[in-house]
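Enquirer: have a look at this prediction, sequence included:
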Amino acid sequence: MKKLIKNGIVVDPERGRKEKLDILIENGKIVRIAEKIEETEDVKIIDVTGKYVLPGLVDLHVHLREPGFEHKETIATGTRAAAKGGFTSICCMPNTDPVADNPSVIRYIQHRSAEEGVIRVFPIGAITKGSKGEEIAEIGMLKEAGVVALSDDGRTVMNSGVMRRAMEYATPFDLTFITHCEDHNLVDNGMVNEGYASMMTGLPGYPAEAEEIIIARDIKLAELTGAKLHIAHVTTKGGVELIRQAKARGVSITAEVTPHHLVLCEEDVLSYDTNFKVNPPLRSKEDQAALIEGLQDGTIDIIATDHAPHAYEEKMVEFQWAPFGIAGLETALPVIITTLVKDGKLSLMDVVKKMSTKPAQILDLSVGGIGEGQEADLVVVDLEWEEEVRVKDLVSKGKNNPFIGWKLIGWPVMTMVKGKIVYQRSGFNAGN
Ligand SMILES: NC(=O)N[C@@H](CC(=O)O)C(=O)O
Ligand SMILES: [Zn+2]
Ligand SMILES: [Zn+2]
């Protein structure tokens, strides 16, 4: 059946428009966008007066945990959490068990996503076998199996010779390297920002330099090899500066920042609450300001969640024993709207660019648009809808969300993938 989304304010960075428009959807595609589209008998009307209609959000950094860690998350629960957060496409990291370093794991993820998933899932393949940083994975076969990028996320390929060869080898396959930048020797068992947080908590410090050294190295290797580089979860002022300089030199580099690093800082870990334990760690106020500035001036291209769910009992231990990670898919958009948009630091148009248009462009995903002829992947957002984040409402298995108890605005009320409603907020009526 055809669907007609009426009276919404469409936000479309590609055409630079933000105006009240009707959208007609047929066979999963947007067939017409116009000021007023006539209602006909054979059309389901969805009246979204006063709400915003955005292209579905695209997240380049998600841990779905399947296969191997289904007690933390599954493709079924992770994609539902994503749909609730307004995401219609996500890329999943290969640090599963087994690691997604070969075509059979990729095919397994694709198969499970088709069967159990409610949104689009694009698998990322490992750079090295087992993400051990020693031997290059079967990159050609991974590409053939359909990976959209390469990453050993969770770890750095510490051997620069291996990294260089992987980049040289993968460049003809046109696969972007998404790099987790952490000098493991320098971090050692560091777990909070080295400086104020490590001093106040007595927990081992994780210095900014450990991140910056690898960002600098990866930039140099990308320059040497011509590889496309995307820096995962940037958290330091120095890291932002390195990326800014590389871009000025014309290096093919993009970067992401997470909502938690934009909104939280090292002072939050003084509570010893393990929901604030994340890799890289929450940094200083100064770093936080540099991240926001980098996002505003385009040095940082996108916002990605780094949704890293863990089981409740894994996080319910002393800070030093808890695993690193924050589960962020369900709250990313309202967190950004409640903080940065409300404060005037980003416009809603910027947010759509950073969370949909640009991420899709970086990996050439052919999603993230809201125009005639494009697939109907949409999210309807209510900027006035205020709701507290409560554990019982989270659909992700990962309850390790540091925003629990926060009152947020800007919640998705309906998410649609290929014209099909995959999420509807209780209390929102999508019509007949
Ligand atoms: N970010 C995290 O703290 N954890 C991630 C790994 C990663 O993204 O580096 C995880 O897989 O749990
Ligand atoms: Zn990482
Ligand atoms: Zn990650």
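Expert: Yep, that arrived. Ligands and ions are numbered 1, 2, ... in the order given.
Enquirer: where does the nearest residue to residue 59 once chain neighbours are set aside land in three-state SS?
Expert: Leaving aside its sequence neighbours, residue 59 sits nearest to residue 90 (C-beta to C-beta, 6 or more residues apart in numbering; 4.6 Å). For the C-beta atoms, the positions are set from N, CA and C on the backbone; glycine is no exception. Under DSSP: H, G, I helix; E, B strand; the rest coil, residue 90 falls in the strand class.
Enquirer: tell me the bridge partners for residue 90.
Expert: residue 59, residue 121 (DSSP bridges).
Enquirer: near ligand 2, which residues of this protein are found?
Expert: Contacts of the chain with ligand 2, taken as C-beta under 5 Å from the ion, map to 153, 180.
Enquirer: domain ranges for the chain?
Expert: Residue ranges for the domains of the chain, per automatic domain parsing: 2-53+374-424, 56-362.
Enquirer: could you check how many residues crowd around the residue nearest to residue 303 when sequence neighbours are not counted?
Expert: Residue nearest to residue 303 in three dimensions, not counting chain neighbours: residue 354, with 4.8 Å by C-beta to C-beta, 6+ apart. Using other C-beta atoms under 10 Å, residue 354 has 24 neighbouring residues.
Enquirer: circling back to that earlier point, tell me which of the domains of the chain is the most buried.
Expert: Neighbour counts (mean count of other C-beta atoms under 10 Å) averaged over each of the domains of the chain peak at domain 56-362, with a mean of 21.
Enquirer: could you pull up the residues touching the residue of the chain found nearest ligand 2?
Expert: Checking the chain residue by residue against ligand 2 with C-beta to the ion singles out residue 180 as nearest, at 3.4 Å. Counting by C-beta atoms under 8 Å, 6 or more residues apart in numbering, residue 180 touches 151, 152, 153, 154, 155, 156, 232, 233, 279.
Enquirer: near ligand 1, which residues of the stretch 51-200 of the chain show up?
Expert: 63, 95, 153, 154, 180 (C-beta under 6 Å from any ligand atom).
Enquirer: circling back to that earlier point, next step: the contacts of residue 180 restricted to strands.
Expert: Secondary structure defined by DSSP state E assigns none of these to strands.
Enquirer: tell me the confidence at the residue in the stretch 251-400 of the chain positioned nearest to ligand 3?
Expert: Relative to ligand 3, the nearest point of the stretch 251-400 of the chain is residue 306 (4.4 Å; C-beta to the ion). Turning to residue 306, the model gives it a pLDDT of 99.
Enquirer: and the one residue in the stretch 51-200 of the chain that gets nearest to ligand 3, backbone torsions?
Expert: Here the stretch 51-200 of the chain gets closest to ligand 3 at one residue, residue 153, 4.4 Å apart by C-beta to the ion. With angles defined as degrees, to the nearest 10, residue 153 sits at phi -50, psi 140.
Enquirer: would you mind listing what in the stretch 201-350 of the chain touches ligand 3?
Expert: With the criterion set to C-beta under 5 Å from the ion, the stretch 201-350 of the chain comes near ligand 3 through residue 306.
Enquirer: where do the strands sit along the stretch 201-350 of the chain?
Expert: 205-206, 229-231, 253-257, 302-303 (DSSP state E, counting those that start in this stretch).
Enquirer: show residues contacting the last one.
Expert: Counting contacts by C-beta under 8 Å, 6+ apart, the residues outside strand 302-303 that touch it are 60, 254-259, 262, 295, 332, 336, 351, 354-355, 358-359, 362.
Enquirer: now with 6 Å, please.
Expert: With contact meaning C-beta atoms under 6 Å, 6 or more residues apart in numbering, strand 302-303 is reached by 256, 354, 355, 358, 359.
Enquirer: isn't there a helix covering the second one?
Expert: When you say that, I think you mean residue 354. Yes. Using three-state DSSP, the secondary structure at residue 354 is a helix.
Enquirer: roughly how far apart are it and residue 80?
Expert: 23 Å (C-beta to C-beta, to the nearest Å).
Enquirer: pull the contacting residues for the residue sitting nearest the centre point of the chain.
Expert: Central residue of the chain (C-alpha atoms, centre = their mean): residue 304, 2.7 Å from the mean position. For residue 304, the contact set (C-beta under 6 Å, 6+ apart) comprises 59, 60, 61, 256.
Enquirer: picking that back up, out of the contacts of strand 302-303, who's nearest ligand 1?
Expert: residue 256 (11.0 Å; C-beta to the nearest ligand atom).
Enquirer: partner residues bridging the closest one?
Expert: Residue 256 has these beta-bridge partners by DSSP bridges: residue 302.
Enquirer: would you map the helices across the stretch 51-200 of the chain?
Expert: 75-84, 103-116, 139-145, 160-170, 184-187, 196-201 (DSSP state H, counting those that start in this stretch).
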